[in-house]
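*Asks:* Provided below for reference: sequence and predicted model.
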Amino acid sequence: MFKKVLIANRGEIAVRVIRACRELGLDTVAVFSKADREALHVRYASEAYLLGPAPSRESYLRGDKILDIAKKCGAEAIHPGYGFLAERDDFAKEVEDAGLVFIGPRPSAIAAMGDKAVARATVTAAGVHVVPGTEGEGDMTDDEIIAIAPQIGFPLLIKATAGGGGKGMREVTTAEELPDLIQAARREAEAAFGDGNVYLEKLVPNARHIEIQILADSHGNVIHLGERECSMQRRHQKLLEESPSPFIDDELRQRMGEVACKAAKAVDYLNAGTIEFLVDKDQQFYFLEMNTRLQVEHPVTEFVTGIDIVKEQIRIARGRKLRWSQEEIQMNGWAIECRINAEDPYNNYLPSTGLITQSILPTGPGVRVDSGVYAGFHISPYYDSLISKLICWGETRGEAILRMRRALDEYRILGVKTNIPFHQNILASHRFLAGHYDTRFVEERFSMDDTQIEKEDLTPIAAIMATLVAHRHSQQASQIVRRGSRDESNWKWSGRWERMNR
Ligand code: MV4
């Protein structure tokens, strides 16, 4: 039974894992780069060790150094968080070979789900529906792909087998453009993953991106914790997630949950994982891929199920049985997460770096902030722009939304630009209030310059919902609408305050 855990990550997720370890009475070891000497995860851990220079390749991606540190300081388990080494089956294997516990899935499951063509073939064999497309797991030549494309039908997508997250993806509308687009996709995949292998899937139009959280123990038990709606994204970066999804009813949730557990069992899955589905407008759903890690948006599931997923990951890694049967899992209320990024939504979401001069966090009933920063911390350009997550719970979706609007109003971060105004606009948009959005919403129907957005196409329910919110909170609503324009926002006031106090 391990007593000391090394957290191979940084930022808010390292802090999150340290918190779980401390509540379980475990000692914690942080690792950090030169840019993170003053980081929160370094302060919160029982011990901390320098990995190297700021770039990830020389620090958080140095599995060899991290293993050396673990051995030297007597850490008996490693939690990888998300990103960096979390889905590297070779790293998970090295951890195991060193006699340490990898708090995550087995290397074989990471590898099987990491190759998207292998994942498709494996879950298909287990009876899980994937989007129609190429079959099998071997590398395909251009000619093989071109030959099979008409059988799948256009429009279709070229995807990288080593991919995920949209890299190396190309939309193809006609057979003529296929050869060039295969080449382009291969080049992009080769550059991003060192692997130019690609496969085809029929395009599912107007899809929603909905994922199911699962937990699997080492005794063969697999349960699901319901879904997260992840369609609010821009350029494959999720920005806001909610659980449950406004699009999913109890019956569909149960069916998707059962399929998700089946997909996990197909790779003998262990620990926490997420099955991504595309759900079309007729509520047909298709397996897309499995994320073999703890995800950024796990807190919304924690809020509605009351389960601490990170503590559960640690218990599973210690060989414990899951403490709930599927029937005991209940979803209570509604949770929404806003990803707070250091970026400028008024300037093409350009990353923003610098010293955080002030940080006032929202608190109060139903509000959770998972933050990796504090006033006095310097945001460097080396890592992703996520600096914190604001998660709000309500008895109903309406209450969760109103609470999120209140919390966003309370939140003050000075020194760097953040996407808080973006979230305020999203939470005032009729389409979001109505729950009518798919993966194209932000890029195709949303603008930071609009004051009143998305008035058209309202269903009666949407209109009622929007009116209800507007009526009960007319003053806040009108303020939020004004805040959509740069000139009248109180963020301008914040900026002035900041300049005065520099
Ligand atoms: C798709 C799709 C439509 N049809 N596959 C994008 C990232 C990768 N995980 C899968 N992605 C998609 N796959 C088929 N067959 C549409 C997307 C997609 C998308 C998926 C989830 C969230 C946002 C998205 C934005 C654009 C496209």
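*Replies:* Thanks, I have the structure now. Numbers count the residues shown, from 1 in each chain.
*Asks:* what does the stretch 101-250 of the chain have sitting close to the ligand?
*Replies:* Residues of the stretch 101-250 of the chain lying near the ligand by C-beta under 6 Å from any ligand atom: 131, 157, 164-166, 169, 201-204, 207, 209, 233, 236. Where C-beta positions appear, they are placed from N, C-alpha and C, glycine not excepted.
*Asks:* Can you tell me which of those end up in strands?
*Replies:* Per DSSP state E, strands hold the following members of those: 157, 201, 202, 209, 233.
*Asks:* what's the closest non-adjacent residue to the last one?
*Replies:* For residue 233, the nearest residue in space outside its immediate sequence neighbours is residue 239; the separation is 5.8 Å by C-beta to C-beta, 6 or more residues apart in numbering.
*Asks:* Over to the one you found: give its phi and psi.
*Replies:* Main-chain torsions, residue 239, degrees, to the nearest 10: phi -120, psi -30.
*Asks:* Which residues are in contact with it?
*Replies:* 232, 233, 338, 339, 341, 419, 422, 423, 426, 442 (C-beta atoms under 8 Å, 6 or more residues apart in numbering).
*Asks:* What distance do you get for it to the ligand?
*Replies:* Per C-beta to the nearest ligand atom, to the nearest Å, residue 239 is found 11 Å from the ligand.
*Asks:* what does stretch 54-72 contact?
*Replies:* With C-beta under 8 Å, 6+ apart, stretch 54-72 has contacts from 6, 8-10, 29, 31-36, 49, 51-53, 75, 78, 84-85, 88, 90-91, 94-95, 98, 100, 380, 382-383.
*Asks:* Would you mind confirming that residue 20 is in contact with residue 308?
*Replies:* Yes: between residue 20 and residue 308 there is a contact at 6.5 Å, judged by C-beta atoms under 8 Å.
*Asks:* Neighbour count for those two, which is higher?
*Replies:* residue 20 (22 against 16; other C-beta atoms under 10 Å).
*Asks:* Give me the distance from whichever strand or helix holds the more buried one to the chain's centre.
*Replies:* Residue 20 is part of helix 11-23, with elements assigned from DSSP states H and E. Here the centre of helix 11-23 is set off from its chain's centre by 17 Å, with C-alpha atoms, centre = their mean, to the nearest Å.
*Asks:* That one: which residues count as buried?
*Replies:* Neighbour-count burial for helix 11-23, counted by 16 or more other C-beta atoms under 10 Å, picks out 11, 12, 13, 14, 15, 16, 17, 18, 19, 20, 21.
*Asks:* between the residues you listed, which is nearest the ligand?
*Replies:* residue 13 (20.0 Å; C-beta to the nearest ligand atom).
*Asks:* Surely that closest one is in contact with residue 294?
*Replies:* Yes: here residue 13 reaches residue 294: they are 7.3 Å apart, a contact under C-beta under 8 Å.
*Asks:* Now do the same for residue 29: helix, strand or coil?
*Replies:* Here residue 29 is recorded as strand under DSSP: H, G, I helix; E, B strand; the rest coil.
*Asks:* and the nearest residue to it once chain neighbours are set aside, what helix or strand is that in?
*Replies:* Sequence neighbours aside, residue 6 is the residue nearest to residue 29 in space, at 4.1 Å (criterion: C-beta to C-beta, 6+ apart). Assessed by DSSP H and E, residue 6 sits inside strand 4-7.
*Asks:* and what of residue 365?
*Replies:* According to DSSP H and E, residue 365 maps onto no helix or strand at all.
*Asks:* Quick check: it vs residue 395, distance?
*Replies:* Counting by C-beta to C-beta, to the nearest Å, the gap from residue 365 to residue 395 is 11 Å.
*Asks:* and what of residue 403?
*Replies:* Per C-beta to C-beta, residue 403 is found 10 Å from residue 395.
*Asks:* Look at the two and report which has more neighbours.
*Replies:* Neighbour count, other C-beta under 10 Å: between residue 403 and residue 395, residue 403 has more, with 21 against 11.
*Asks:* With just CA atoms, put the helix or strand containing the more buried one into CSV.
*Replies:* Element membership of residue 403, judged by DSSP H and E, is helix 397-410. Extracted C-alpha coordinates of helix 397-410, given in CSV (Å, rounded to 0.1, in the frame of the first residue of the first chain):
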residue,chain,number,x,y,z
ARG,A,397,-29.8,24.1,-14.9
GLY,A,398,-31.4,27.5,-14.4
GLU,A,399,-29.9,27.8,-10.9
ALA,A,400,-26.5,26.6,-12.0
ILE,A,401,-26.5,29.2,-14.8
LEU,A,402,-27.6,32.1,-12.5
ARG,A,403,-25.0,31.0,-9.9
MET,A,404,-22.3,30.9,-12.6
ARG,A,405,-23.2,34.4,-13.8
ARG,A,406,-23.0,35.6,-10.2
ALA,A,407,-19.6,33.9,-9.7
LEU,A,408,-18.2,35.2,-12.9
ASP,A,409,-19.2,38.7,-11.8
GLU,A,410,-17.3,38.2,-8.5
